[in-house]
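**Q** build me a model from this:
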Amino acid sequence: MVINSVTGDPILRAHVLLQGLGETTNYSISGAGVKILGNSDSDSQDYGALTNGEGKFSIASLPPGNYFVSAERLGFVAPVNLHLDATSVVLAAGDKKQDLKLKLIPAGVIAGRILDADGEPVSNAEVTAEGARGSSQARTGEQGQYRIALYPGKYRIRATPQRPPFGAEIRTDGSREVHYAATYYPDSLARSSARAIDVEPAAQLSGIDIRLIGTPNVLVSGKVTGLSDNTRAHIQPNREEDRNFGGWPGNLVKADGTFTIANLDPGKYTLVVTADGRGQQRNLQSAPVEIEVAGDNIEHLELRMIAPFEVTGQIRFDDPQIRFPKPAPRPSGVPDNLPDDAPAPSAPRMIRLLPLHGGMWNGEANADIGADDSFALEKVPPGRYHVMLDWGQGYVRSVRTGSLETDGDVLDVSNGAVGEVVVSVSSLTCEISGTVNDASGPVANAHVVLAPENGAGSFSRSTSTKPDGTYSFTGVPPGKFKLAVTEDEMYLNFMQPGEALEDYKEVAESIELHPGDKLTKDLKRK
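**A** Numbers count the residues shown, from 1 in each chain. Got it, this is the predicted structure:
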């Protein structure tokens, strides 16, 4: 059967899917469903059925094997955090599985209108519900109305008016053009001060209206240097809070290198110019420039184009034991007569650069690390990057460029090549462990989130407690973190990890880890 998890009523015309699994398949389960990772050469087959008026279904003539079972129905969402033993079926020859019950959660709904400062409806505005598992969007109709079906949880609602297709207006009457900024419910320009809405299963929340906030139309202008003739280039304003919303459209740089950007919302931006030319101008990018849009125009900016360059350097490990990844377990199918001391196959050691600002250069640079611990990253655009190694036995303690050494994993090559880079890696990672309890004692399958304090740093993790209520995080770099028990599994945005615990700041624990610390921290769940 497929039943409503709230009322217990049967759900008719639900789609039940039975997916055959290979022996080496891995699973990744989320609120949206199940992603199956494994051998693509399996002969497994998928089977489906629709439930009848009593919520019942039947799938017959199945070959023996392992299967994953799921259900879906419009207006419902799948439960999250399911264990595989609750969602998998093992069938031997002649077996019958007749008591399977699948539950779906009725989605909650929020609805409202988007209005301008005068109370007039705003059509074709994008309304986004931002939650722990990501976001859902809708567009407003002619009367400014919107409706979004959501998985139960806490959400912040943001309305973004349609971007005007033209630049700033020229006015001769002394008035100043005002544009409407992206606004959070009920009346905030910043996510941090927005009110969170708690959406219960099957809830119908209406009247979630947002009146857009008008802000002065600030003009940002300047000139780009280093572009060759006839090279087409765009300037892109990037703001971290816009990262999940498509960002701002880029503006064309004029033939003489000048540019003007209008209609930016208040906030901090990173400006980057990218060239669309061919040959040496292809993939050319400028050094990033940071600005803050408030009430006044920003003029006479200069952005300098810098050709991609090579970043070379050396990795220095404080402990030779962490120079190489630990050998992987011997895979199935390895001949029994293989010597016990034969090395297990492993991937090359890699170093990666991940941009601090999501809008900069959409990608990451990576390179193999040589036997002498040297590396050479090719065609790196200017910018600031997190330095990451692809195995987790240590952490990047510091990065040195020339005579300047900075703590942490950030490499600053905003102005181009800096000579040899020295990356120091320490083995003194930290561990955090403890037990999650509620009024009844230890809690199994509770969700614990670890995120950098104030969003600084590149390390954020989540885990679930074991049947005895215990949890642990290993390989944690030193630093200041927030630790909390959350209602369910969360989507952790790597670029904005501080957002993960905004709804739990009243109960989140602040911890500070020093090199090599092993901290025990028991947590309470309400």
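
**Q** Phe324 and Asp372: what is the separation?
**A** Distance, Phe324 to Asp372, by C-beta to C-beta, to the nearest Å: 13 Å. All C-beta spots, glycine's among them, are computed from the backbone N, C-alpha and C.

**Q** okay, these two: which has more neighbours?
**A** Phe324 (13 against 8; other C-beta atoms under 10 Å).

**Q** give me the phi and psi for the residue of the chain most remote from its centre.
**A** Largest separation from the mean C-alpha position in the chain: Asp173, at 46.3 Å (C-alpha atoms, centre = their mean). Dihedral pair for Asp173: phi -100, psi 10, per degrees, to the nearest 10.

**Q** so where's the stretch 51-200 of the chain uncertain?
**A** 80-86, 164-168, 176-177 (pLDDT under 70).

**Q** again, 50 this time
**A** Flagging of the stretch 51-200 of the chain using pLDDT under 50 yields the residue ranges 83-85.

**Q** which residues in it form helices?
**A** 84-87 (DSSP state H, counting those that start in this stretch).

**Q** show me the contacts for Glu512.
**A** Contact analysis of Glu512 by C-beta atoms under 8 Å, 6 or more residues apart in numbering lists 479-481.

**Q** report the beta-bridge partner residues of it.
**A** Beta-bridge pairing of Glu512 under DSSP bridges involves Lys480.

**Q** how far away is Ile315 from Pro355?
**A** Taking C-beta to C-beta, one finds Ile315 at 20 Å from Pro355.

**Q** how about the secondary structure of Asp503?
**A** With DSSP: H, G, I helix; E, B strand; the rest coil as the basis, Asp503 sits in helix.

**Q** the nearest residue to it once chain neighbours are set aside and Glu200, how far apart?
**A** Nearest residue to Asp503, sequence neighbours excluded (C-beta to C-beta, 6 or more residues apart in numbering): Lys154, at 4.9 Å. Remark: distance between Lys154 and Glu200 (C-beta to C-beta) = 11 Å.

**Q** the bottom helix or strand of this protein by mean pLDDT?
**A** Averaged element by element with mean pLDDT, DSSP states H and E, the chain has its least confident helix or strand at strand 33-37 (a mean of 37).

**Q** check whether Val423 really touches Ile369, as I assumed.
**A** No - Val423 sits out of contact with Ile369 when judged by C-beta atoms under 8 Å, with a separation of 9.8 Å.

**Q** which neighbours do these two have in common?
**A** 315, 351.

**Q** and for Lys97, the neighbour number?
**A** 12.

**Q** wait, it touches Tyr67, no?
**A** No - contact between Lys97 and Tyr67 fails when scored by C-beta under 8 Å: they sit 9.2 Å apart.

**Q** now do the shared contacts for those two.
**A** 89, 91.

**Q** follow-up on the earlier one: now for the residue farthest from the centre of the chain: which residues touch it?
**A** Per C-beta under 8 Å, 6+ apart, neighbours of Asp173: none.

**Q** what of Gly222?
**A** 258-259, 299-303.

**Q** closest one of those residues to Leu219?
**A** Glu299 (7.7 Å; C-beta to C-beta).

**Q** name the element the closest one belongs to?
**A** strand 298-306 (DSSP states H and E).

**Q** could you report the neighbour count for Thr486?
**A** Thr486: 21 neighbours (other C-beta under 10 Å).

**Q** tell me the domain boundaries of the chain?
**A** 2-106, 108-168+176-216, 220-306, 309-325+348-426, 430-524 (automatic domain parsing).

**Q** surely the residue nearest to Asp503 meets Ala196?
**A** Yes - using C-beta under 8 Å, Lys154 and Ala196 qualify as a contacting pair, with a distance of 4.6 Å.

**Q** identify the contacts common to those two.
**A** By C-beta under 8 Å, 6+ apart, the residues touching both Lys154 and Ala196 are Asp503.

**Q** where are the low-confidence patches of this protein?
**A** 23-42, 83-85, 333-334, 338, 341-345, 359-362, 494-495.

**Q** mind running it again at 70?
**A** 22-44, 80-86, 164-168, 176-177, 241-249, 277-283, 328-347, 357-364, 455-458, 488-500.

**Q** what strands flank the helix or strand just after the strand holding Glu299, and is each parallel or antiparallel?
**A** Scanning forward in sequence from strand 298-306 by DSSP H and E, the next helix or strand is strand 309-317. Strand pairing for strand 309-317, using DSSP bridges, gives strand 374-380 (antiparallel), strand 421-426 (parallel).

**Q** report all helices and strands that the very next helix or strand once past strand 309-317 contacts.
**A** Helices and strands here follow DSSP H and E; after strand 309-317, the next one along the chain is strand 350-355. Judged by 3 or more C-beta pairs under 8 Å, 6 or more residues apart in numbering; DSSP states H and E, the packing partners of strand 350-355 are strand 365-368, strand 374-380, strand 383-389.

**Q** the ones you listed: which one's closest to Ile114?
**A** Here strand 383-389 is closest among the helices and strands packed on strand 350-355 (C-beta to C-beta), at 35.6 Å.

**Q** output that closest one as CSV, restricted to C-alpha atoms.
**A** Only the C-alpha atoms of strand 383-389 are listed here, as CSV (Å, rounded to 0.1, in the frame of the first residue of the first chain):
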residue,chain,number,x,y,z
GLY,A,383,41.2,35.5,-8.1
ARG,A,384,41.1,34.1,-4.5
TYR,A,385,40.8,30.4,-4.0
HIS,A,386,40.5,27.7,-1.4
VAL,A,387,43.4,25.2,-1.7
MET,A,388,42.2,21.7,-1.3
LEU,A,389,43.8,18.2,-1.4
